[in-house]
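Visitor: Quick one, fold the following:
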Amino acid sequence: MTLGLLFLPTLHADVTEVDHDALAAHIEAGDTIVDVRREDEWRASGLLPGSHPLTFFDAEGRYDIERWLADVAKIVDRDKPLVLVCAHGVRSSRIADLLDSRLGFTAVFNVTEGIEAWREAGGITTPHEP
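Guide: As a prediction, this is how the structure comes out:
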C-alpha cells in the first residue's frame with residue numbers, strides 16, 4: 001500500500017472530532033485510546049492515561065497497515081469506540097478517516113489538537129515505559 005492512499009479525499013467519513021473535554025470523558029469512560037506517534041515522541045511527552053502506544057507512521061512516513069490493524073484488533077473491536085491521538089491531530093485524522101471510510105470501524109474519534117495541546121492545557125500524561 002502506498003502512502004498516497006491515506007491522503008485521498010474522504011467522501012463519507014463519519015469520524016468524530018474530540019476536544020479536550022470530550023477526550024477527558026473518553027479517558028474517564030475507559031474507551032480505547034491509541035497513540036499513533038513514534039516511540040521517541042512517547043518518551044518525550046508521555047502518553048494519555050490508559051492509552052495504547054501503536055506507531056502508525058515511522059520516521060520516514062512509511063507504514064504497515066496490516067501489522068497495525070492486527071495490533072489494533074488485539075485491543076478493540078471494530079464496533080467499539082476507538083480514540084486516536086498524535087502530536088497535533090494531523091496523523092491521527094488521516095488514520096481515523098481511513099479506518100472509518102475504508103475499513104469499517106464504526107465509532108472512530110480523533111483528538112483534534114493532539115496530545116501537545118492537551119498537555120499545554122494542563123492535561124495529564126504518563127511516562128512511556130516500554
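
Visitor: switch to C-alpha atoms for all contacts and neighbour counts from now on
Guide: Noted.

Visitor: What residues of the worst-scoring helix or strand of the chain on mean pLDDT count as buried?
Guide: The helix or strand of the chain with the lowest confidence, counting by mean pLDDT, DSSP states H and E, is helix 90-102 at a mean of 88. Judged by neighbour count (16 or more other Cα atoms under 10 Å), helix 90-102 contains these buried residues: 90-101.

Visitor: do stretch 68-79 as well
Guide: Within stretch 68-79, the residues scored as buried using 16+ other Cα under 10 Å are 72, 78.

Visitor: for the record, mean pLDDT for that stretch?
Guide: Stretch 68-79 comes out with an average pLDDT of 94.

Visitor: Now do that stretch: distance to the chain's middle.
Guide: Mean C-alpha position of stretch 68-79 versus that of the full chain (Cα atoms, centre = their mean, to the nearest Å) differs by 12 Å.

Visitor: Which parts of this protein are helices?
Guide: 20-29, 39-45, 65-73, 90-102, 114-120 (DSSP state H).

Visitor: Distance to Asp58 added to those, as JSON lines?
Guide: Formatted as JSON lines, the helices of the chain follow (distance: least, Cα to Cα, whole Å):
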{"stretch": "helix 20-29", "distance to Asp58": "25"}
{"stretch": "helix 39-45", "distance to Asp58": "9"}
{"stretch": "helix 65-73", "distance to Asp58": "12"}
{"stretch": "helix 90-102", "distance to Asp58": "11"}
{"stretch": "helix 114-120", "distance to Asp58": "18"}
